[in-house]
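Chemist: What would the 3D arrangement of this be:
(2 chains)
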Amino acid sequence: MKRKARRDLRNGLLFISPWLIGISIFLVYPIFLSVYYSFTRFPLLSPPSWIGWSNYLELFQDKVFWTVLYNTLFYFSLQVPLIFIVALSAALLLNTKVRGMALFRTFFYLPSLVPIVATAILWAWVFNARYGLLNAALSIFGIKGITWLNDPAYVKPSLVLMSLWGMGEPMVIYLAALQGVPVNLYESSFLDGANWWQRIYHITIPLISPAIFFNVVRWVMGAFILFTQPYIMTGGGPGRASEFYVTYLWENAFDFLKMGYASAMAWILFIIIFAVTLVVFKFGAKKVYYEGA
Amino acid sequence: MYKEKQIIMFKEVNWWQRKYYRELIGKIPVYFLLIAGSAVFLFPLLWMVSTSLKVPTQIFVFPPQLIPRPVQWANYIEAVTEIPFARYTLNTLYLVVLSLVGTLVSNSLVAYGFSRIEWPGRDILFFVVIATLMIPFAVLMVPLYMLFRSIGWIGSFKPLWVPHCFGAAFNIFLLRQFFLTIPRDLSDAAKIDGASELRIFSTIIIPLVKPALAVVALFHFIYMWRDFLGPLVYLTDPDMFTLSLGLQQYQSVNATEWHLLMAASSMITFPIIVLFFFTQRTFIQGISLTGLKQ
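Modeler: Modelled structure (predicted):
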């Protein structure tokens, strides 16, 4: 028996060895490298020189750093609740039983398949102040055009709006969860005289809470690592109004070649994501209902 | 007896009819919302295609016109010559194929080790796998760049496909879920017959998890097709650009050539939509699995 246990351990480790090797080279080693860089001045072309906590101290005095932190939090606190409401409402709608539903589901889901670069370019065109689709739609209602991406007040909400268009993935996750809700629960609540909202709030939401939890964790992270859309559509402008955490990190690393500074930023980002996820998990653990648990 | 049945049937039809009409009327707001929602989601896509077929003079008018007049198919030809489309497609496919082979082989091996063999420490290590999901690429961008730079891989395709040959947390998780559903007895029977783990893996387990591998392959293809940040960090030679990076590079200098940009965007979107229509079932299955099997 002992021989079998040893053999199983050996086989198990052999099978997972690709991952063990991969994680050592592409994760653990870079993490240590990154810690080291964050304490150095490292202009890429000359070797890193140790400067202690200077990068971190400099970051806290960097006005742009606080701006990008503010922008990122702004985006996050607008986008996460909105995507929750829109994706869940769409899933509830797509979960009704009517003819032709397969087609409607496809229509709602299609935008999330569009490659990010194409989405960004398409929406830059939709947001175009003079010839764009959105201002044309508003003009029907007599609303004067907004210069979406060129207006510091509108640029972040614009990016949120665009992200709602591609909310297919959380929507499908909600839809799958909704289909797992037993119908008899609705029937008995119907007999008890519960109205539509009460059924949603007291039956649907608790029962699909694992899916909600999963989506929230993913969107929290997604909001913090937003990069491609502002990089392509606005370049961080106007001014710094759409400069987000990762676009600024990118700028420091690959435009200014301040690798040490960018590494310090990466570490702060990691700590923020870790802290926020911890909060979500703490909160989620209490609220999430697992069947049979 | 016969009469009784008739009465019941009659009653049923009556009831059914009433319910049918009641439901039909109840469904009108649902249809309204569904059609309005579809319009909102589809309109930007329609507009992308419409713009891609317009002559530039028809693009810069307000209010915008949806129907291109004349229909300018030549925009597509111009787009694929202005942007080296064939080159970029080949590059993208090259990366997709190499990384796909690596992804399928490595992740199924690793998932097997995490599900079909019992060994001490397995579940702790699996927890580590899940924990790594919380580390976004953006955090590791700089040190990974430095790592690949020190071995001379910047400007080559290698940083974009080699790491895929070592498993990815999400795929390991997905495949493991499938592997766990296969009854133990199957492996045990083979073991009694003296089959090695590798043999059980390749002749028993792999044929049984083909649907799961299809999900992983599909998601991987779409991931590679859409990936932008990776190519942006690692590729330097314009001849090696992928479609996403190539399109962005073109856009960064020709931001107002909307007819060509929309033609190119349509072209890189089209293959994914076609793929989606052919693999819808696999697709939805995969997405719902990621959310449900926590």
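
Chemist: give the contact list for B:Trp258.
Modeler: A:Trp125, B:Thr51, B:Pro56, B:Ile59 (CB atoms under 8 Å, 6 or more residues apart in numbering or on different chains). All C-beta atoms are positioned from the backbone trio N, CA, C, and that covers glycine.

Chemist: before we move on, what about B:Tyr234?
Modeler: Contacts for B:Tyr234 (CB under 8 Å, 6+ apart) come out as B:Tyr145, B:Phe148, B:Trp153, B:Ile154, B:Gly155, B:Ser156, B:Pro159, B:Leu160.

Chemist: ok, it to B:Leu100 distance?
Modeler: Remark: distance between B:Tyr234 and B:Leu100 (CB to CB, to the nearest Å) = 18 Å.

Chemist: Which of the helices or strands spans residue 277?
Modeler: You didn't say which chain, so I picked chain A. Assessed by DSSP states H and E, A:Thr277 sits inside helix A:259-287.

Chemist: Chain B is the one I meant
Modeler: Element membership for B:Phe277, per DSSP H and E: helix B:258-278.

Chemist: how far does that helix sit from the chain's center?
Modeler: 14 Å (CA atoms, centre = their mean, to the nearest Å).

Chemist: now swap in stretch A:113-122 and tell me
Modeler: Remark: stretch A:113-122 is offset 16 Å from the chain centroid, using CA atoms, centre = their mean.

Chemist: average pLDDT for that stretch?
Modeler: Averaging pLDDT along stretch A:113-122 yields 94.

Chemist: Do that stretch and chain B come into contact?
Modeler: Yes - on the criterion CB under 8 Å from any CB of the partner chain, stretch A:113-122 is in touch with chain B at A:Leu113, A:Val114, A:Pro115, A:Ile116, A:Val117, A:Ala118, A:Ala120, A:Ile121, A:Leu122.

Chemist: number of nearby residues for the nearest residue to A:Glu58 once chain neighbours are set aside?
Modeler: Excluding the flanking residues, the one nearest A:Glu58 by CB to CB, 6 or more residues apart in numbering or on different chains is A:Tyr261, at 7.0 Å. Residues contacting A:Tyr261 under the criterion other CB atoms under 10 Å in any protein chain shown number 27.

Chemist: Surely A:Tyr261 and A:Asn55 touch.
Modeler: Yes - assessed by CB atoms under 8 Å, A:Tyr261 is found in contact with A:Asn55 at 5.1 Å.

Chemist: ok and the helix of greatest length in chain A relative to helix A:259-287, angle-wise?
Modeler: Determined from DSSP state H, the single longest helix within chain A is helix A:63-94. Angle, helix A:63-94 to helix A:259-287, by axes from the mean of the first three to the mean of the last three CA atoms, to 10 degrees: 40 degrees.

Chemist: moving C-terminal of helix A:63-94, what's the next helix or strand?
Modeler: Using DSSP H and E, the helix or strand that follows helix A:63-94 in sequence is helix A:101-109.

Chemist: Packing partners of the next helix or strand along the chain from that next one?
Modeler: Once the chain leaves helix A:101-109, the next helix or strand it forms, by DSSP H and E, is helix A:116-126. Helices and strands touching helix A:116-126, as assessed by 3 or more CB pairs under 8 Å, 6 or more residues apart in numbering or on different chains; DSSP states H and E, comprise helix A:133-140, helix A:155-165, helix A:228-233, helix B:2-52, helix B:243-253, helix B:258-278.

Chemist: Of the contacts of B:Trp258 - the most surrounded one?
Modeler: In the contacts of B:Trp258, the most neighbours by other CB under 10 Å go to B:Thr51, 27 neighbours.

Chemist: Tell me the spacing between that one and chain A.
Modeler: Distance, B:Thr51 to chain A, by CB to the nearest CB, to the nearest Å: 7 Å.

Chemist: so how far is B:Arg122 from that residue?
Modeler: 54 Å.

Chemist: now B:Val71
Modeler: According to CB to CB, B:Val71 stands 60 Å off from B:Arg122.

Chemist: Looking at these two, which is more packed in?
Modeler: More crowded of B:Val71 and B:Arg122, by other CB under 10 Å: B:Arg122, with 18 against 12.

Chemist: Please tell me I have it right and that one contacts A:Gly12.
Modeler: Yes - applying CB under 8 Å as the test, B:Arg122 and A:Gly12 come out as touching, 6.0 Å apart.

Chemist: intersection of neighbour lists for the two?
Modeler: Residues touching both B:Arg122 and A:Gly12 (CB under 8 Å, 6+ apart) are B:Gly113.

Chemist: What about the residue in the stretch 151-294 of chain B that chain A sits nearest to? Give its phi and psi, please.
Modeler: Here the stretch 151-294 of chain B gets closest to chain A at one residue, B:Phe166, 2.4 Å apart by CB to the nearest CB. The phi/psi pair for B:Phe166 (degrees, to the nearest 10) reads phi -120, psi 20.

Chemist: Mind pulling up the pLDDT for it?
Modeler: Looking at B:Phe166, its pLDDT is 95.

Chemist: what does B:Ala195 give?
Modeler: pLDDT at B:Ala195 comes out at 86.

Chemist: Is residue 194 part of a helix or strand, or is it coil?
Modeler: With no chain named, the answer covers chain A. coil (DSSP: H, G, I helix; E, B strand; the rest coil).

Chemist: Actually, chain B is the one I wanted.
Modeler: Three-state assignment for B:Gly194 (three-state DSSP): coil.

Chemist: For it, grab the count of nearby residues.
Modeler: 7.

Chemist: In the chain, where is pLDDT below threshold?
Modeler: Going with chain A. Scanning chain A for pLDDT under 70 picks out A:1, A:289-293.

Chemist: my bad, chain B
Modeler: For chain B (pLDDT under 70), the answer is B:1-19, B:22, B:287-294.

Chemist: if we go to 80?
Modeler: B:1-26, B:62, B:281-294 (pLDDT under 80).

Chemist: Break it down into its structural domains.
Modeler: Structural domains annotated on chain B: B:2-59, B:83-253, as defined by automatic domain parsing.

Chemist: tell me the most buried of those domains?
Modeler: Highest mean neighbour count among those (mean count of other CB atoms under 10 Å in any protein chain shown): domain B:83-253, with a mean of 18.

Chemist: for the stretch 51-200 of chain B, what spans make up the strands?
Modeler: Counting by DSSP state E, counting those that start in this stretch, the stretch 51-200 of chain B forms no strands at all.

Chemist: Show me where it has its helices.
Modeler: B:56-59, B:74-82, B:85-115, B:122-132, B:137-150, B:158-161, B:169-181, B:184-192, B:197-200 (DSSP state H, counting those that start in this stretch).

Chemist: now these as JSON lines including distance to chain A?
Modeler: What follows is the helices of the stretch 51-200 of chain B, written out as JSON lines (distance: least, CB to the nearest CB, whole Å):
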{"stretch": "helix B:56-59", "distance to chain A": "7"}
{"stretch": "helix B:74-82", "distance to chain A": "12"}
{"stretch": "helix B:85-115", "distance to chain A": "3"}
{"stretch": "helix B:122-132", "distance to chain A": "6"}
{"stretch": "helix B:137-150", "distance to chain A": "4"}
{"stretch": "helix B:158-161", "distance to chain A": "9"}
{"stretch": "helix B:169-181", "distance to chain A": "7"}
{"stretch": "helix B:184-192", "distance to chain A": "10"}
{"stretch": "helix B:197-200", "distance to chain A": "5"}
